[in-house]
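**Q** Give the three-dimensional model of this entry:
(one chain, ligands or ions: 1)
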Amino acid sequence: MIALNSHFVLIDLHSSWHSANQIPISIPTFLQNSHSVSKFSSSFCRTGRARKGIASSKSSSPSFPSPEIRRPTSDRLFLGNGLLTNQSNSSSILDSDFASTSSQSDATAELEVFVELLPSRMRKQLSSHDEFRELIEVVLDLGRNPIARFPSGDWAISEELVKHEDLSHAISKVGDFSDDNRSGMDRSLHRISAIRNRKMQIIGLTCRVGRSVSGSAEIIRDLVEGGGSILVIGPPGVGKTTLIREIARMLADDHKKRVVIVDTSNEIGGDGDVPHAGIGSARRMQVPNVHMQHTVMIEAVENHMPETIIIDEIGTELEALAASTIAQRGVQLVGTAHGITIDNIIKNPSLQILVGGIESVTLGDEEARKRKVQKTILERKGPPTFTCAVEMISKTECRVHHRLDTTVDAILAGKTPLFEIRNVETYANPSVGPSQNLGKSLHERLHSKDDNIIADSDPDMEVSQVKTYANHSMGPSPNHEKSLHERSHSKDDNIIADDDADMEDAIHLPRQSKSRPVSKKSSPVRVYSYKILESDLLQVAQVLGLENEIDVTDDIEAADAILASSDEMKQNPWIRSVAKFHHLPVFVIKSNTMAQMVKAIRMIIKIDSDSITKKPRKTPDIVIEGDAPKRKPSLEEIDALEEVRLAIEYIVIPGGEPVELLPRRSDIVARQLELVESYQLAAEYSSSEPNPRLQILPLRLKSKNLKEPKSSSKSATGEGTGIYRLPLLPE
Ligand SMILES: Nc1ncnc2c1ncn2[C@@H]1O[C@H](COP(=O)(O)OP(=O)(O)OP(=O)(O)O)[C@@H](O)[C@H]1O
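**A** Numbers count the residues shown, from 1 in each chain. All right, here's what the predicted structure looks like:
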């Protein structure tokens, strides 16, 4: 067994038996020329995951195994170019003409069934095309040239025009057309769509090659495993069905979930009553006619106790409503909708409900002025049906919106939503890095000359991160790796087995470098923050005199660390996946107070690491300790400390003005002073009768005093204690 990138299709060379429709095959088109494929092209591999392939019961092929016949998989060899050959059956299942021009090894089981639709003269032409294996569709329109659609564009298969007999031949190979004019080939994933004339006779066919692409869902594995509902948006033909088919398999087989597919056009599970092996052990419900999709969706929830429902093409209001009902019942929903972006869904009145519904709200004059918006604005009505959304840009690239609600809110407010761009190379090519968009990969950064911090002073971490990174790019999650490992005892697997632990260590920096919580790649250190205002952070940095040391970025790929509140972390566990994906440490503050931000900033730029709480090994976050008093404070003390906090956060820091506090008991004044100093601010103590009081000054304590804040009220004055006047801060 060789540990491979998850896109690789694996072959079973040992003698276990698989059912005939579990032939290991896949055509990851996007990988055929990739570095990874060529790297492993000479390897024969095996895995229990091996599957795919089809056996058409309509196939007249003598050599193609019928579903009932079981045969050892040992004669199925996976070639380096990603294609399947059948060693034991050297005669082609295609007719002899075709076989003579198309090498046996170039044929795939899926395509073999597909080309049976075409008259032999067309098969011959088609098979000679360089991109034959990547064929997407064949279009047969009466009286026109037959057209083949490839990723590179359309191509006329023959000069001979399509005749009635050609259409009849194709129709004879497929099942009945349903009321959406779609049909399929038994136990295959191919989709045949008809165009009819006014007499309802078929005069055109669009024949799409369906294939299950193992590994195609790796790009969003973290979302799938996260358990949230996922909306996949994309234009026709971008690969949505292929993606959700693989998601269904992944959840059912790898995660042992009860998955039910509502398969309106039999596109996910293929035609025929026995579903295609591409869906793994997911169950499939067929839909008698397209108008019943929504009822079957509800029936699926009510009758079959699913944990996940997979649904292709949510297109009508009733379907959108059914989806929202399912989501409310706590079932994970993975669905697709046509569109380019979420904006298209928002603007589609039938589908709006998927994003929570939209309403227009008229604000009062004052509120409109305060918000600096028009009087009538659009707002989201309720929670969206889906937790997150994936906009498919192509078969290899997508935009991930981790929180659909915030994306929709941003769009409605006229802002650009935050999203993450992912592409297949991220997972496919270890030498490329976490994302193609990353100008410099982590690997490069770790080895670059200017990266002295890691390379020179923290060799352990360097090794750990490089190793983690290399493994991470192999794609599969820890669970998956475990199962692979269990199935195999090859040396290569050892690396993978350690993967997750190493990743955590790399992120859990205190273990390796107490004084270097962030692998600083840039100067200033760039922080990506979740739900913590950029202006607050920068303001605090300025107060600390560290404005040149730290910056806030909204480009996660350019970030050196993530800062989030613990509430946000609880509500959005996916932040950890994002951190893991980008190899970033996560600093967690317990509340969004400036005092916590002060501590976080100092830790991030390594002024101190005293406040780090080591969490259990499983949690890679670096938690910033709060200022919670050791004993229960009195009400008066709470009131006094709150007075300090409000004074600092609303007047002293933003306005640069001193604030005189109320007279208090001296022990309480001492606590107030501690709090003032934790903001790195100075205060003046006045012992007026009957009680002393403090005046907080817009003066910064000198950095040499940062480590040792004094609690003695005697040193409260700025005189001689090494303080600087605060800069006047922008509003
Ligand atoms: N990752 C992939 N690698 C290789 N081929 C793919 C991949 N994803 C999809 N395809 C191929 O692209 C074609 C279109 O895919 P698919 O039917 O999944 O698209 P779709 O977005 O669901 O289209 P529609 O919206 O029209 O139903 C098919 O021939 C499929 O085999």
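
**Q** Quick check: residue 552 touching residue 530?
**A** No - using Cβ atoms under 8 Å, residue 552 is not in contact with residue 530, being 11.6 Å away. For every residue, glycine as well, the C-beta is placed using N, CA and C.

**Q** moving C-terminal of the host helix or strand of residue 407, what's the next helix or strand?
**A** Assigning secondary structure by DSSP states H and E places residue 407 in helix 404-412. Later in the chain than helix 404-412, the nearest helix or strand by DSSP H and E is strand 420-423.

**Q** which neighbours does that following strand have in its sheet, and in what orientation?
**A** strand 397-401 (antiparallel) (DSSP bridges).

**Q** Run through who's touching the partner strand.
**A** 219-220, 223, 341-342, 388-393, 407, 417-424 (Cβ atoms under 8 Å, 6 or more residues apart in numbering).

**Q** Which single residue of the stretch 251-400 of the chain ends up nearest the ligand?
**A** Among all residues of the stretch 251-400 of the chain, residue 395 sits closest to the ligand, at 4.2 Å; criterion: Cβ to the nearest ligand atom.

**Q** Quick check: chain neighbours aside, which residue is closest to that residue?
**A** Leaving aside its sequence neighbours, residue 395 sits nearest to residue 239 (Cβ to Cβ, 6 or more residues apart in numbering; 4.3 Å).

**Q** What score does the residue nearest to residue 186 when sequence neighbours are not counted have for pLDDT?
**A** Residue nearest to residue 186 in three dimensions, not counting chain neighbours: residue 272, with 3.9 Å by Cβ to Cβ, 6+ apart. Here, the pLDDT recorded for residue 272 equals 87.

**Q** before we move on, what about residue 703?
**A** At residue 703, pLDDT is 49.

**Q** For residue 647, what are phi and psi?
**A** The phi and psi torsions at residue 647 (degrees, to the nearest 10) take the values phi -60, psi -50.

**Q** ok, it - contacts?
**A** Listed by Cβ under 8 Å, 6+ apart, the contact partners of residue 647 are 659, 661, 696.

**Q** Please enumerate the strands of the stretch 551-700 of the chain.
**A** Using DSSP state E, counting those that start in this stretch, the strands of the stretch 551-700 of the chain run over residues 561-565, 586-589, 612-613, 622-624, 659-660, 681-686, 693-701.

**Q** Would you mind putting the CA coordinates of the last one into CSV?
**A** The reference is to strand 693-701. Taking C-alpha atoms only, strand 693-701 is exported to CSV below (Å, rounded to 0.1, in the frame of the first residue of the first chain):
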residue,chain,number,x,y,z
ARG,A,693,-9.3,58.2,44.5
LEU,A,694,-7.5,57.6,41.2
GLN,A,695,-7.1,59.7,38.1
ILE,A,696,-6.4,57.6,35.0
LEU,A,697,-4.0,59.3,32.8
PRO,A,698,-3.7,59.0,29.0
LEU,A,699,-0.1,58.1,29.6
ARG,A,700,1.6,54.8,28.6
LEU,A,701,3.8,52.9,31.0
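
**Q** So in that sheet, which strands flank it, and in what orientation?
**A** Going by DSSP bridges, the partners of strand 693-701 are strand 659-660 (antiparallel), strand 681-686 (antiparallel), strand 723-725 (antiparallel).

**Q** among the contacts of residue 647, who's most crowded?
**A** Ranked by neighbour count (other Cβ atoms under 10 Å), those have residue 696 at the top, with 27 neighbours.

**Q** give me the beta-bridge partners of it?
**A** With DSSP bridges as the criterion, residue 696 is bridged to residue 659, residue 683.

**Q** near the ligand, which residues of the protein?
**A** Within the chain, the positions near the ligand by Cβ under 6 Å from any ligand atom are 27-30, 136, 208-211, 213, 216, 234, 236-242, 395.

**Q** For stretch 542-561, which residues meet the burial criterion?
**A** By neighbour count on 16 or more other Cβ atoms under 10 Å, the buried set for stretch 542-561 is 542-546, 549-553, 556-561.

**Q** Also stretch 304-316?
**A** Those would be 306-315, for stretch 304-316 by 16+ other Cβ under 10 Å.

**Q** Just these: which are in helices?
**A** Counting by DSSP state H, no part of the buried residues of stretch 304-316 is found in helices.

**Q** Which of those sits closest to residue 359?
**A** Set against residue 359, the nearest of these by Cβ to Cβ is residue 314 (21.0 Å).

**Q** which stretches of the stretch 451-600 of the chain aren't confidently modelled?
**A** Along the stretch 451-600 of the chain, the parts satisfying pLDDT under 70 run over 451-522.

**Q** one more time with 80, if that's ok
**A** 451-523, 531, 535-536, 539-540, 542-545, 573-574, 591-596 (pLDDT under 80).

**Q** all helices of it, in order?
**A** 452-457, 459-472, 478-487, 492-507, 534-543, 566-571, 574-582, 594-604 (DSSP state H, counting those that start in this stretch).

**Q** Can I get the fifth one in CSV, CA atoms only?
**A** Right, the one you point to is helix 534-543. What follows is helix 534-543 as a C-alpha-only set of coordinates in CSV (Å, rounded to 0.1, in the frame of the first residue of the first chain):
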residue,chain,number,x,y,z
GLU,A,534,-9.9,45.6,13.6
SER,A,535,-10.1,49.2,14.9
ASP,A,536,-10.2,48.0,18.5
LEU,A,537,-7.1,45.8,18.0
LEU,A,538,-5.2,48.5,16.2
GLN,A,539,-6.2,51.0,18.9
VAL,A,540,-4.9,48.8,21.6
ALA,A,541,-1.7,48.1,19.7
GLN,A,542,-1.2,51.9,19.4
VAL,A,543,-1.8,52.4,23.0
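
**Q** Domain map for the chain?
**A** By the record's domain assignment, the chain is partitioned as 17-208, 218-426, 442-624, 635-725 (automatic domain parsing).

**Q** neighbours of residue 214, just the number please.
**A** 26.

**Q** tell me the SS of it?
**A** coil (DSSP: H, G, I helix; E, B strand; the rest coil).

**Q** Which single residue of the stretch 551-700 of the chain ends up nearest the ligand?
**A** residue 581 (19.7 Å).

**Q** Pull the number of nearby residues for that residue.
**A** For residue 581, the neighbour count with other Cβ under 10 Å is 18.

**Q** again, but for residue 690
**A** 6.

**Q** Distance check, it against residue 666.
**A** As judged by Cβ to Cβ, to the nearest Å, residue 690 and residue 666 stand 11 Å apart.

**Q** Also residue 680?
**A** Noted for residue 680: a distance of 23 Å to residue 666, by Cβ to Cβ.

**Q** Of these two, which one has the most company?
**A** residue 680 (25 against 12).

**Q** The more buried one reaches residue 699, doesn't it?
**A** No - applying Cβ under 8 Å, one finds residue 680 not in contact with residue 699, separated by 9.7 Å.
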